[in-house]
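> Sharing a model prediction with you, sequence too.
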Amino acid sequence: MRITCPICGTRDRREFYYQGAALALERPAPDASPETWNDYIHLRENPAGLTRDLWQHEGGCGAWVVVTRNTVSHEILATALASEVKKGAAK
Amino acid sequence: MTFSAFRILKEGLTGNTGWKPHWRDPAPKQDYDAIIIGGGGHGLSTAYYLAKNHGLTNIAVLEKGYIGSGNIGRNTTIVRANYFLPGNSEFYSHSLKLWEGLESELNYNVMHSQRGLINLFHSDGQRDAFVRRGNSMINQGDDAILLDRDGVRQHLPYLDFDNTRFPIFGGLLHPRGGTARHDAVAWGYARGADQRGVDLIQNCEVTGIDIVDGKVTGVQTTRGAIKAKKVAIIVAGRSGQVAAMAGMRLPIESHVLQAFVTEGLKPIINHVVSFGMGHFYMSQSDKGGLVFGGDIDFYASYASRGNLPMVEHVMEAGMTLMPMIGKARVLRSWGGIMDMTPDGSPIIDKTGIDGLFIDCGWNYGGFKAVPASGWCMAHLMATGQSHDVAKGFRLDRFLTGRGLMDEEGTGSQHNLH
């Protein structure tokens, strides 16, 4: 599998660290309910098909990347810098 | 149909024409007392023990493929009870005891071979940790023997003891650990359940779960609607998708775990050997193939096939530990879908929906759990109470933070197990 880093271009999967569902970008407020935090930390959609997850280009530029991919075919459909995605969501 | 020496002799003399299929191929009825979604090892053993221990026989097991087509027919077949934490420890201990009586229980040769399992260590600190683990295994009533370097050498003379990065300091021997024939476990439980009246319905995929006023009433399938007041989800890597049919999200991420087997070789590896520092373990099948594997691929996947970086890593770890296997040729590899929980321990529990039960989260260790998982899940479904040895496998432990069972001590978070 090869992942396109928005900064470095297409690189081997080995250069990336997998964090998990891109849910991590939607961190709840510190005083949110235990249920909200449980949702955020533990519960997952776990889709067979399209998913968005967070990878870090740790063997390269260090950028956090949101990868849109298919969990059944391993096809990578889109990648974007997590910082940009987060900025876009805040608008 | 049962096996006996007399039967084998008789069939041998009459051209083996008397053998019959081991289970029926029934069409689904309109309703059952209980439905088990998933005809894998855990689903079949649950059905078997519901019938055997609790007298519930009006049961259907719904399998979307054929019996034995999932992880139960594709795993590295290791059976052990070397867990450390309360909650896990008593459960796997119970499971191993069931394994030890399984062949006579099922009248089926599951080729359970207690050849001993050796976990290697490579530093003083790791030795201390293994002493502690060994003591907790002994306290549980299971067996553990600490081997020093020479002790390991007597069992496994072919290892690279003086490896620069991971010199072998010793190992923890679990004599009752070993392997079993995975397909036979599925077949034995399937036949036993079928003989007691359980309907095993193959090529029947569940497409919906019917819930009315917070109570389960049945399921929708590719072979029509089926009613039941009790439904159990026992579908391993597909847990997330089936639970979604009931509007639930689970603390589970599905990952691929790969395993490999070489061409058949003469007997050389007499134990199960695990090299934790390299995420590598190996045994030799009775056919002679070296059966080995490593860690999960470490990203969510349903691809049922692995990625090359992990193939490379496993081969490197194997060569580091026992350079002689470099001459063996890998025959095939496969990737199974694992239901990974944040703390690496399983779930056997009720859900928030009346009559809906779930047995999942077996991570990469479900095979050895097959007998006890079925035993405890059947107990829960029949009595409404968790079995004593499975009390720790609660679904809500992630919400409350109480009773997390993080064997590896890495933290209860996805992507760390």
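Received, thanks. Numbers count the residues shown, from 1 in each chain, chains lettered A, B, ... in the order given.
> sec struct for residue B:44, please.
Secondary structure assignment for residue B:44 (DSSP: H, G, I helix; E, B strand; the rest coil): helix.
> List the contacts of it.
B:61, B:67, B:72, B:186, B:189, B:190, B:193, B:200, B:374 (Cβ atoms under 8 Å, 6 or more residues apart in numbering or on different chains). Every residue, glycine included, has its C-beta placed from N, CA and C.
> Could you give the secondary structure assignment for residue B:29?
Per three-state DSSP, residue B:29 ends up coil.
> so which strand or helix has the closest residue to residue B:290 other than its chain neighbours?
Closest residue to residue B:290 apart from its sequence neighbours, by Cβ to Cβ, 6 or more residues apart in numbering or on different chains: residue B:262 at 4.3 Å. Using DSSP states H and E, residue B:262 falls within strand B:253-264.
> Can you list the strands that that strand pairs with?
strand B:289-300 (antiparallel), strand B:330-340 (antiparallel) (DSSP bridges).
> Quick check: which of these is buried the most?
By mean neighbour count, with neighbours taken as mean count of other Cβ atoms under 10 Å in any protein chain shown, strand B:289-300 ranks first of the strands paired with strand B:253-264 at a mean of 23.
> Can you verify my assumption that residue B:286 contacts residue B:111?
Yes - with contact defined as Cβ atoms under 8 Å, residue B:286 counts as touching residue B:111 (6.5 Å).
> Run me through the strand neighbours of the helix or strand just after the strand holding residue B:262, direction for each.
Note on strand B:253-264: by DSSP H and E, the next helix or strand toward the C-terminus is strand B:272-275. Applying DSSP bridges to the sheet, strand B:272-275 is found paired with strand B:117-121 (parallel), strand B:280-284 (antiparallel).
> would a markdown table of these with mean pLDDT, mean neighbour count and distance to residue B:258 be doable?
Shown next, in a markdown table, are the strands paired with strand B:272-275 (pLDDT from 0 to 100; neighbours: other Cβ atoms under 10 Å in any protein chain shown; distance: least, Cβ to Cβ, whole Å):
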| stretch | mean pLDDT | mean neighbour count | distance to residue B:258 |
| --- | --- | --- | --- |
| strand B:117-121 | 98 | 25 | 20 |
| strand B:280-284 | 97 | 24 | 12 |
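> Quick one: closest of those to residue A:90.
strand B:280-284 (44.9 Å; Cβ to Cβ).
> contacts for that closest one?
Counting by Cβ under 8 Å, 6+ apart, B:76-78, B:115, B:179, B:265, B:267-275, B:290-294, B:314, B:317-318, B:321-322, B:325 sit against strand B:280-284.
> Please list only the buried members of those.
By neighbour count, with 16 or more other Cβ atoms under 10 Å in any protein chain shown, the contacts of strand B:280-284 hold B:76-78, B:115, B:179, B:265, B:269, B:271-275, B:290-294, B:314, B:317-318, B:321-322, B:325 as buried.
> just to revisit the earlier point, from the chain's centroid, how far away is the strand holding residue B:262?
14 Å (Cα atoms, centre = their mean, to the nearest Å).
> With just CA atoms, put that strand into CSV.
Extracted C-alpha coordinates of strand B:253-264, given in CSV (Å, rounded to 0.1, in the frame of the first residue of the first chain):
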residue,chain,number,x,y,z
GLU,B,253,-11.8,-2.1,15.2
SER,B,254,-11.3,-4.9,12.6
HIS,B,255,-7.7,-5.5,11.6
VAL,B,256,-6.0,-8.1,9.4
LEU,B,257,-3.7,-10.8,11.0
GLN,B,258,-1.5,-12.8,8.8
ALA,B,259,-0.2,-16.3,9.1
PHE,B,260,2.1,-18.4,7.0
VAL,B,261,2.8,-22.1,6.3
THR,B,262,5.8,-23.7,4.6
GLU,B,263,6.1,-26.9,2.6
GLY,B,264,6.0,-30.1,4.7
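> Tell me which stretches of chain B form helices.
Secondary structure of chain B (DSSP state H): helices located at B:5-13, B:41-54, B:89-100, B:102-106, B:124-139, B:149-155, B:182-195, B:239-244, B:308-321, B:370-383, B:397-400.
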